[in-house]
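# From the sequence below, what's the structure:
(3 chains)
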Amino acid sequence: MKRLATLAAIAAAVLFPFLVTSPYYLHLVVVIAIFSIVTMGLDIVFGYTGEVSLGHAALFGVGAYTAGVLAFQFGLGFWIAIPCAIVVALAFGALLALPALRVTGPYLAMVTLAFGTIVAILINEMTFLTNGPLGISLSKPLFADVREQLPFLEMSRPRLRDVEYYYVVMASFALVVLVINRLLASRFGRAFEALRDSPIASDCMGVSVYRHKVLAFVLSAGFAGFAGVLFAYSEQYIAPNNFSFELSIQFLLAVTMGGRKSRVGPVLGAAIVVYLPNLLADIGQFRAVAGSIAAVAVLSGGWRMIKLPEERLRTLVPVLLCLGFFVFSLLLEKITDYKLTVFGLMILFMVYYLPEGIWGFVRTGLAGFVSAPAPIAARGDDANVWSATAPRVAEGRALLEVKHITMQFGGLKALDNIDLTVMPGTIHGLIGPNGSGKSTMMNVLTGIYTPTAGAVAFEGQDIQGQTPSAIAGAGIARTFQNVQLFGELSLLQNIMVGLNHFYRGGVADVALATPRARREEAAARLRAASLLRFVGLEALAHEEARNLPYGKQRLLEIARALALDPKLLLLDEPAAGLTAPDIKELIAIIHKIRDHGITLILIEHHMDVVMTLSDTVTVLDFGQKIAEGKPAEVQADAKVIAAYLGGSHAEAA
Amino acid sequence: MQILAQLIASGIAVGMIYGVIAFGYQLTFATSKTLNFGQGEALMLGSLVGLTVVSFTGYWIMLPIVLAFGLVQGAVVERLGVRQAIRTKSEAGWIMATIALGIIFKNLAENIWGRDALKFPSPLPEAPLSFMGVNVLPMEVVIVFGALAMMLLVEVFNRRSIYGKAVVATANDRDAAGLMGINTSLVITFSYSLSSMTAAFAGVLVAPVTLTGAAMGGALGLKAFAVAIIGGLSSGMGVVVGGLILGITETLTGYYISTGYKDVPGLVLLLLVLSFKPSGLFGSATIKKV
Amino acid sequence: MLRNLTVALALSTLLTTTALAQPVKIGLTGPFTGGSASMGVSMRDGVKLAVGEINKAGGIMGRQIQLVERDDEAKNEVGVQIAQELINKEQVVATLGFINTGVALASQRFYQEAEIPVLNNVATGTAIATQFKSPNYIFRTSANDQIQSAMIASEAVKRQGFKAPAILADSTNYGQLGREDLTKALALSNIKPVAEEKFNIGDTDMTAQLLRAKQAGADVILTYAIGPELAQIANGMAKLGWKVPMIGSWTLSMATFIDNAGANGEGAMMPQTFIQTGNTAKRKGFIEAYQAAYKVDRIPSPVSAAQGYDSVFLLKAAIEQAKSTDGAKIRAALENLQTKVDGVVTVYDHPYTATDHEAISGNIPVFGVVKGGRVVVAHEDDIAGDKAVRVKPKN
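Numbers count the residues shown, from 1 in each chain, chains lettered A, B, ... in the order given. Alright, predicted model coming up:
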């Protein structure tokens, strides 16, 4: 089905210049395709990693001006401009991303905005290079004069030039779609989605949030730069005010309106923002479109009302709004003065009723008719559960040594001068009442917190102060007390994020789909499926993680942590919320993990679980270590009993 | 020396304008972690409504009317643009919705008040005051102190009143505050009202100096956004300092370096501040909870 | 056979008659929203006034004029799209418009390629009318920056004897291209500006720029910017307690400058092709018609309105002379216009040639001055007697 649609789209694109001979529509399609390249690239940042960039117009401008300056100052043409512009845009993207992506949310939006403004000022002021406010004129290249070879074409020279350029842009567009599809289906795409769902879990899976955000941003900048060249040669004139802040807003609007996290959505969005000014200029066209929107609304709303009678009222409102919009368009005499209001109302309507954008809406609607493509089957086996090389740890020496760790938050000492030694191959229990500092300890060990004082040595190396992803890379994996799965990824993909460390191929491998990239992907898939099988979730491999019941989510987290091939595995309350049979299964799994030479630290409130599993137990209370020893010794300790039963901390497990 | 003093004086006036608008960003960010990207338009509407009202009532009666208008306008923005997005936890939603409302407000203002910049009558004489060779307009002095007074009043209100406590609670943990019986969505609506009220007030305050008109909001709103980020979105002190820094940097750069690059150092400063202090000069870093 | 021929004949007559009855489509583009909208709207209203008059009197060769209005929002890329739409979809015969130099430079190449004449009504960038070599389809009815800056320089230096001008221009291409032309014009009198300062659209504080000019010892301020920022300059000077004359491009006549600068703007001078004083019958009629049609007393931008108005009559004359709506023929007719067109700005007597596409020559504009909140003629003897209507010298 999808393949058929793709083929139809390609055929339509190839035939278009001959079916519609008006240069107006040809140019319109070219501009839409160029904007689509930017919006699809922006979608990587905005849709997948969830960060807002207001600097993409500037990156687009950097690309266009690279082409402009090369032509204007050096007389270099289109084919040289393309690689140069991509490289320059990548460089600018990195220049921006490296400092900017230390911040997030509105701070990042501001940084990108500031960057955009600075670039616009520089283009305007650096007259010696950019010709300043006068702008740069270029001329569209005629790639090959094929009129003599293909006499049946019957084209004038300018038209041939336009048609050729159309094909160049369309080919570029197709290429970009292909590359973005490959990137997003690869480990990079999974990492982008993962870091948005849970940045902390990503870091702790060795997928550095910062580095992947920078990567996403830089890639996206490259696409914007590429589109910039195409734009410069399509418009044949560029000036600084082409690339203003408003254009960045338009790109964002396009992605949101079209629908994030897809290729079709950003293309639809680009078509809307490009065509909307024309549409809103002509009252007749505007009425026609408002009418067809109303018709679609009535049809889809009516269908929905029949299918979901209990939501009748909620469905009725948007349908009435669409009808009202149509009536409004009929009453409107002149549209120029109010076109921005109409535009604003359209955005509001989308935010309310099409939060996933037009394509999101269509996709949900189509889901009832078209079955989703079957995902590539993944069959795991027992042979591929464990890493080919078993973790090797020096016997007899401590695997983890925590020395005098203090962690202070303001006036509160969450951890106060704690020592902890974990021997290889053991299961080390860590217990204590709520608020005693267990989870803080976990966070210190995995680098989420930098301890106020003290040192953590893992295999003899100090690791305090290192980033979570570096620590994960060193061989410490963890699960989380409040489950941190990548909700919108499938179970299989969740585990494949954990397997990120295993890939050697880079972006170029993925983009070119080299044999290595394919081999690695297949191997990772097999390994992930095997891990799923190990925790008994193989049947649900393609389910989205957020749809799992709670107990299964904890198992999935363990499988994902194992994907890191850790030497030390930290389990933070793995039995919380599990039923009795589930707990039994869990205990069996933990035993198997230990049998494969992986050391474990176990935080748990279920005393029976801790006591049956642990070789050594450490008890924390108010950030202090109050007892340590074999389970039986600890259970008999008076201080421990007091901590659990006495005072105000009566929340014994 | 005299020139430096003159530049700093002008920078302070400009900076306080940025600061008081930036303050509005903080108010809503504190309660809902959202910003009104149409803050500049709230300022513009306040100032244009003020312009219409002032011809009937005179300056002083106009003020409370504009403040009331700001309260209502902010509530409208929150109800139409932000609430839905907060409910669905959609980051893109509130950004798009507040931008959309800003566009609509601007377009409506263009149709009501025209597309040109308009003069706002100054309640004070327009002849400059001279202190030791430094000239300032009486209205600039009013801007500086009016802005400070406005921020102070809102701060006092936030700290002393029961609403203020609800704000703090909502800011700390919206879900917990909700469980404690605080109507958090009302708190958020009210924070938007307050935010637009300060913006509307800022609008009538600055209009005699900056001119008013449908287009006045855009540039000021963006500069104020920069100020809010430099200062930190969680610090009242931050916007004042951030505003002064940006305002003074602009005039000093303009004079001593080049007027063409006037905006660059302020923005570079912003980038530097954020590279070293990711939550702004006075912002406090949040502790990640796992 | 014979029957077929009759049918074909009948059909073709039918087609030609309907073709004759078909309206003449003319594109009209400019910014009708946003910062430069007052110029765009005045220009549009001037054009519409003329079209109304012509249609009432029977149109062009018996065909009514139909305007296709498009708002370019002062954005280059929107202008480009509109050009494509007007040319290929609406298939206009010619286009009137362009307020912003950047939009003109970006869009008019498409008209040039499609061989459709454009009459630039307001944009003043010098490069506009010379962007293409002959056959050039781009014509202009406004005074370009070269003419204006020469006038400004000569007024400031020769007539009023200033020695140390400072240039204040906005950072858009309007301001910056004008600034370049101004420096060149000053250089002809061996004068170098003592300061050249920039500001952005929307800037509200001009202290730094003005102090630099003041410290450099400027005795006159030459401006290239638009209304609101010009007002900020005048107000900023008042604030600093520093008063030197302002002389600048025609935009000093914008209502947004005059109103917002108030007393501070009095005395500012600018070249004007048209001033709202009814000193000839033609002008009086135009002003009254405009006032009646749009219910205003003061035309928001009289220059834009007048140039827009005249452009329609120039185009009409050319189409009638060409007896065709073919672009190349209209261009040829414009370049050799036999009829004198009596416009409000001037009497257009052979306004264009194959190489000269500027209807306004350096002798046509006069200096206006802001006085009592209106633009009046600065030097009465400029328009005394037979100088009331100033005509381009024969090429």
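
# make it CA atoms for all contacts and neighbour counts henceforth
Fine.

# quick one, phi psi at the residue nearest the centre of chain C?
By Cα atoms, centre = their mean, chain C has its centre lying nearest to C:Val122, at 2.1 Å. Backbone dihedrals for C:Val122, given as degrees, to the nearest 10, come out at phi -130, psi -40.

# The longest helix along chain B vs chain A: in contact?
When chain B is parsed with DSSP state H, its longest helix is helix B:2-32. No. With Cα under 8 Å from any Cα of the partner chain as the criterion, chain A is not reached by helix B:2-32; the gap is at least 9.8 Å.

# dump the residue contacts of the residue nearest to the centre of chain C.
If you count contacts by Cα atoms under 8 Å, 6 or more residues apart in numbering or on different chains, C:Val122 has them with C:39, C:43, C:97-100, C:141-142, C:304, C:307-308.

# circling back to that earlier point, so how far is the longest helix of chain B from its chain's centroid?
Relative to the mean C-alpha coordinate of its chain, helix B:2-32 is positioned 8 Å out (Cα atoms, centre = their mean, to the nearest Å).

# by how many degrees do the helix or strand that that helix is followed by and helix B:2-32 diverge?
The first helix or strand that comes after helix B:2-32 along the chain, using DSSP states H and E, is helix B:39-57. Helix B:39-57 and helix B:2-32 are oriented at 100 degrees to each other (axes from the mean of the first three to the mean of the last three Cα atoms, to 10 degrees).

# Which strands and helices lie in contact with helix B:39-57?
helix B:2-32, helix B:59-77, helix B:91-113, helix B:184-210, helix B:216-231 (3 or more Cα pairs under 8 Å, 6 or more residues apart in numbering or on different chains; DSSP states H and E).

# how does it look with 6 Å?
Packed against helix B:39-57 by the contact rule (3 or more Cα pairs under 6 Å, 6 or more residues apart in numbering or on different chains; DSSP states H and E) you find helix B:59-77, helix B:184-210, helix B:216-231.

# Reformat those as CSV; add mean pLDDT.
Converted to CSV, these look like this (pLDDT from 0 to 100):
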stretch, mean pLDDT
helix B:59-77, 92
helix B:184-210, 89
helix B:216-231, 85
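
# And for residue 180, the neighbour number?
All of this is about chain A. Neighbourhood size, A:Ile180 [other Cα atoms under 10 Å in any protein chain shown]: 23.

# try chain C instead
16.

# likewise A:Leu178?
14.

# do A:Glu310 as well
When neighbours are counted by other Cα under 10 Å, A:Glu310 comes out with 10.

# ok, it to B:Leu43 distance?
43 Å (Cα to Cα, to the nearest Å).

# same question, C:Thr33
To B:Leu43, C:Thr33 is 20 Å away according to Cα to Cα.

# With B:Gly15 instead?
The value you get for B:Gly15 to B:Leu43, if Cα to Cα is used, is 16 Å.

# quick one: the strands in chain C?
C:24-30, C:65-71, C:94-97, C:118-120, C:138-140, C:165-170, C:195-199, C:220-224, C:246-248, C:269-272, C:341-342, C:347-348, C:366-371, C:374-377 (DSSP state E).

# any idea of the mean pLDDT in the third one?
So that's strand C:94-97. The pLDDT scores in strand C:94-97 average 92.

# neighbours around the nearest residue to C:Val341 once chain neighbours are set aside, how many?
In this structure, C:Val341 finds its nearest non-sequential neighbour in C:Tyr348, 4.9 Å apart by Cα to Cα, 6 or more residues apart in numbering or on different chains. Neighbours of C:Tyr348 under the rule other Cα under 10 Å: 22.

# Run the chain-centre distance for stretch A:17-30.
35 Å.

# Wondering if that stretch reaches chain C at all.
Yes. Judged by Cα under 6 Å from any Cα of the partner chain, stretch A:17-30 comes into contact with chain C at A:Tyr24.

# Can you list the buried residues in that stretch?
Neighbour-count burial for stretch A:17-30, counted by 16 or more other Cα atoms under 10 Å in any protein chain shown, picks out A:17, A:22-30.

# quick one: B:Arg174 from chain A, how far?
Distance of B:Arg174 to chain A, given as Cα to the nearest Cα, to the nearest Å: 18 Å.

# can you count the residues close to C:Ile87?
Close neighbours of C:Ile87, defined as other Cα under 10 Å, add up to 23.

# roughly how far apart are it and chain A?
8 Å.

# Over to C:Leu240?
C:Leu240 is 28 Å from chain A, by Cα to the nearest Cα.

# Tell me who's in contact with that residue.
Residues in contact with C:Leu240 (Cα atoms under 6 Å, 6 or more residues apart in numbering or on different chains) are B:Asn135.

# Same question for the one 5 residues further on.
If you count contacts by Cα under 6 Å, 6+ apart, C:Pro245 has them with C:Val220.

# interface residues of chain C facing chain B?
So far as Cα under 6 Å from any Cα goes, chain C lies against chain B at C:197-198, C:204, C:208, C:239-240, C:256, C:260.

# I'd like to know how many residues surround residue 76.
Just going to use chain A. Neighbours of A:Leu76 under the rule other Cα under 10 Å: 14.

# should've been chain B
16.

# Equivalent analysis for the one 4 residues further on, please.
The criterion is other Cα under 10 Å. On that basis, B:Leu80 has 17 neighbouring residues.

# bridging residues for the residue of the stretch 51-200 of chain C found nearest chain B?
Closest to chain B within the stretch 51-200 of chain C is C:Lys198: 5.3 Å, counting by Cα to the nearest Cα. As for beta bridges, C:Lys198 partners with C:Ala169 under DSSP bridges.

# Any figure for the gap between it and C:Glu288?
From C:Lys198 to C:Glu288 the distance is 39 Å (Cα to Cα).

# Compare the two (neighbour count), which wins?
Neighbours around C:Lys198 and C:Glu288, counted as other Cα under 10 Å, are more numerous at C:Lys198. The numbers are 25 against 14.

# right, and that one touches B:Tyr261 too?
No. Assessed by Cα atoms under 6 Å, C:Lys198 is found out of contact with B:Tyr261, at 8.9 Å.

# what do these two both touch?
In contact with both C:Lys198 and B:Tyr261: no residue, using Cα under 6 Å, 6+ apart.

# Just to check, C:Asp349 is in contact with C:Lys340?
Yes. The criterion here is Cα under 6 Å, and C:Asp349 meets it with C:Lys340 at 4.8 Å.

# Looking at these two, which one has more neighbours?
A count of neighbours by other Cα under 10 Å puts C:Asp349 above the other of C:Asp349 and C:Lys340, at 18 against 13.

# do you know how far C:Asn88 is from A:Leu15?
Distance from C:Asn88 to A:Leu15, by Cα to Cα: 19 Å.

# Between these two, which has more neighbouring residues?
Per other Cα under 10 Å, whichever of C:Asn88 and A:Leu15 has more neighbours is C:Asn88, with 17 against 10.

# Identify the residue spatially nearest to that one, adjacent ones excluded.
Nearest to C:Asn88 is A:Tyr24, by Cα to Cα, 6+ apart, at 5.3 Å.
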